[in-house]
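Student: Attaching a predicted model along with its sequence, questions to come.
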Amino acid sequence: MDSPVSWNWLKNYTDQQMKYSALRFIILFICVSSPSFCHLFAQSAMINVDGRKTIPLDGAWQVIPDPGGGGDWRRIWEEKKPVKKTDFVEYAFTDAYTLHVPGDFNTQKPELLYYEGTVWYKKTFHYFLKSGKRLFLHFGAINYLADVYLNGQKLGFHEGGFTPFQFEISSKVREGENTVVVKVNNQRLKTGLPALGFDWFNYGGITRRVQLIETAHSFIEDYFIRLKKHSNSEVQGWIKINGINAEQKIRVLIPELKVNYSTSANPDGLATVNLHADFKLWSPQTPKLYKVIIQSEADTVSDEIGFRNIEVNGAKILLNGKPIFLKGVNIHEESPFMAGRAFSPKDADTLLRWAKELGCNLVRLAHYPHNENMVKTAERMGLMVWDEIPVYQNIEFGDSSVREKMDLMMKEMIRRDRNRCGVIIWSLSNETSPSIPNRNKALSEIADHCRLLDSSRLITSVINSQHYENQTMTVWDSLYSTFDFMAVNEYLGWYVPWQGVPANTQWKMAYQKPVVISEFGGEAKYGNKTGSPDEANSWREEYQEQIYKDQISMFGSTPNLAGVIAWILIDYRSPVRMQPVYQNGYNRKGLLSEKGEKKMAWWILNKYYGTADSLIR
């Protein structure tokens, strides 16, 4: 049976709801007492937006870049209009200057390519609220800070560039024409997530979909439908009703399996789910998904859900009770063939088909939650997913606000993706240094909270503090004791020269757990060939190819190895890559160029991944 920790979800969820309600009351009290102090946080987004009635607000949005920060004291969101000849309003939204949403602002206007600062967005829509309905304004993601206004009144604020949020506007929407204004700022923050230094392009803007969501007065806000741990036939989950009269009868239908399960929500709107069925389990070989319909007395939501078990047993990772070797590749959320933030189903299809062609059974979506198209498409293709929050180097763990942001981003990631069975890993950080004060305490605490919210997946943090000397790799970081497996980033052959024959590399592990090499590789510019593979730092394809050959020979003697994840699928933009001839603003560790051209190393990894059975130990 499940551990007590994993089945404390009802008490934990209720406690979280009570804390949120108390916080909301305090904020509302402060706002009434002192309106100038009011700074409302965004609401956690309802899940499965695609399964609801929505009205898209995508397309052209009018914009005003604000590098000087004058928009706040000019109160741009009020959209003042000149009345007299002597009224000179020094701003204006116009159809002559627009950006497409979803999309980053950096690649849509040449003058904004390296811009990090404020851009004001405006969209006008028409709406007539129907009787008995509620309306929500939903954002898939905005990078990084967002202040949202409706008809000149502030709805609230959200921080974080890669997770969804929303505002209820039922009592605020006008009959007929309405205006949304969003202040977006992607400036790096010392106390941000990520912080000041990170190795990818800081694409700013409204980078994912914007939608109006229409619901009944009470609706199915959230649910978690998954197999009970260690069981292949028992579903253990819950459903949350939002709204008045939340104490309702609920049904869960799985038509293909003739499941018609009844349950009831308590006065807080929470209902338990415990049902049995003869499931065909999801796996990379057979990525089976079932249509699952959830019906309350006022609402119906349909989803596609798969059922599987992922766990660790000793030094092995087990999928549905059988050992599996993770054959992975890292991917950044960058559009193929053209630089820019990826967001569309077409982008996801292209990137993930390359991963499948390479021979992967897993994609690590580095280093932040990617858009839902990536997660859902990967699941349908039979690709396991590694989901990660942007806790990346240089994090101010000693700052209490940073820890709160970590916790919030983790909860927003889990809330969005926990019904996606393809997601097998929650990753809580990447390459954080053990020398940073409060690092272990902060990451251990967030790991405990993550397990309370979802014990059905593996939890890890990626570490690169190992020591390499005398041809021996010592993996020692005490933080590994907190997590389900040891994730190691190592770049032997690139940042660190080999010490002797790669196949003879010795490993000393501080813990007997599964080991996953979460990053390895080296840089080469596509087409830069004809040189010797022994020319270090030559940026040649032959040298990158040799790195992969050497790494694979080392993998054969790496103890407890349960998977490897190459860095990275395609070359991607990074302003910290300043070699003018070969990098030119790109990280060139891709197995593919930014145009999808295969480098020589591609074929080495493709052959290695083709020997799947021999990789399981």
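Tutor: Everything's here; your move. Residues are numbered from 1 along each chain as shown.
Student: Can you pull out the low-pLDDT segments for the stretch 1-150 of the chain?
Tutor: The model of the stretch 1-150 of the chain has pLDDT under 70 over residues 1-39.
Student: Spell out the residue ranges of the helices in it.
Tutor: Using DSSP state H, counting those that start in this stretch, the helices assigned to the stretch 1-150 of the chain run over residues 9-33.
Student: can you give me the strands in it?
Tutor: 43-44, 53-56, 59-66, 98-101, 118-127, 133-139, 145-150 (DSSP state E, counting those that start in this stretch).
Student: List the contacts of the first one.
Tutor: Which is strand 43-44. Outside strand 43-44, the residues that touch it by C-beta atoms under 8 Å, 6 or more residues apart in numbering are G156, F165, Q166, F167, E168, K411, E412, R415. The C-beta positions use only the backbone N, C-alpha and C, and glycine is treated the same way.
Student: Of those, which belong to helices?
Tutor: If you go by DSSP state H, the contacts of strand 43-44 have K411, E412, R415 in helices.
Student: Emit the PyMOL select command for whichever of those are buried.
Tutor: Burial among the ones in helices among the contacts of strand 43-44 is assessed by 16 or more other C-beta atoms under 10 Å; the matching PyMOL selection reads:
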select buried, resi 411+412+415
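Student: what's the most distant pair in the contacts of strand 43-44?
Tutor: The distance between the two most remote of the contacts of strand 43-44 (C-beta to C-beta) is 18.9 Å, for E168 and K411.
Student: Nearest the middle, which residue of this protein would you pick?
Tutor: Centroid-nearest residue in the chain: P369, 0.7 Å away (criterion: C-alpha atoms, centre = their mean).
Student: What pLDDT is listed against it?
Tutor: Note on P369: pLDDT of 98.
Student: For it, list the residues it contacts.
Tutor: By C-beta under 8 Å, 6+ apart, P369 lies in contact with F162, T163, D387, E388, I389, M409, E412, M413, R416, D417.
Student: what's the answer for Q579, then?
Tutor: Applying C-beta under 8 Å, 6+ apart to Q579 gives the contacts W539.
Student: Can you say which helix or strand has it in it?
Tutor: Here Q579 sits in a region with no helix or strand, counting by DSSP states H and E.
Student: any idea how far it is from F201?
Tutor: Counting by C-beta to C-beta, to the nearest Å, the gap from Q579 to F201 is 16 Å.
Student: where does this protein dip in pLDDT?
Tutor: Applying pLDDT under 70 to the chain flags residues 1-39, 531-537, 612-613.
Student: hey, where'd the helices end up in it?
Tutor: 9-33, 345-358, 372-381, 400-417, 439-453, 541-555, 600-609, 612-615.
Student: Just the angle for the third one relative to helix 345-358, thanks.
Tutor: This points to helix 372-381. Per axes from the mean of the first three to the mean of the last three C-alpha atoms, to 10 degrees, the angle that helix 372-381 makes with helix 345-358 is 40 degrees.
Student: quick one: helix 372-381 to chain centroid distance?
Tutor: 12 Å (C-alpha atoms, centre = their mean, to the nearest Å).
Student: Check the second one too.
Tutor: Taking C-alpha atoms, centre = their mean, one finds the center of helix 345-358 at 17 Å from the center of the full chain.
Student: N560 - how many residues pack around it?
Tutor: 19 (other C-beta atoms under 10 Å).
Student: who's in contact with the closest residue to it other than its chain neighbours?
Tutor: Nearest residue to N560, sequence neighbours excluded (C-beta to C-beta, 6 or more residues apart in numbering): A315, at 4.0 Å. Applying C-beta under 8 Å, 6+ apart to A315 gives the contacts Q512, K513, P514, V515, P559, N560, A562, R617.
Student: The second one against F485, yeah?
Tutor: Right, the one you point to is K513. Yes - with contact defined as C-beta atoms under 8 Å, K513 reaches F485; the gap is 5.3 Å.
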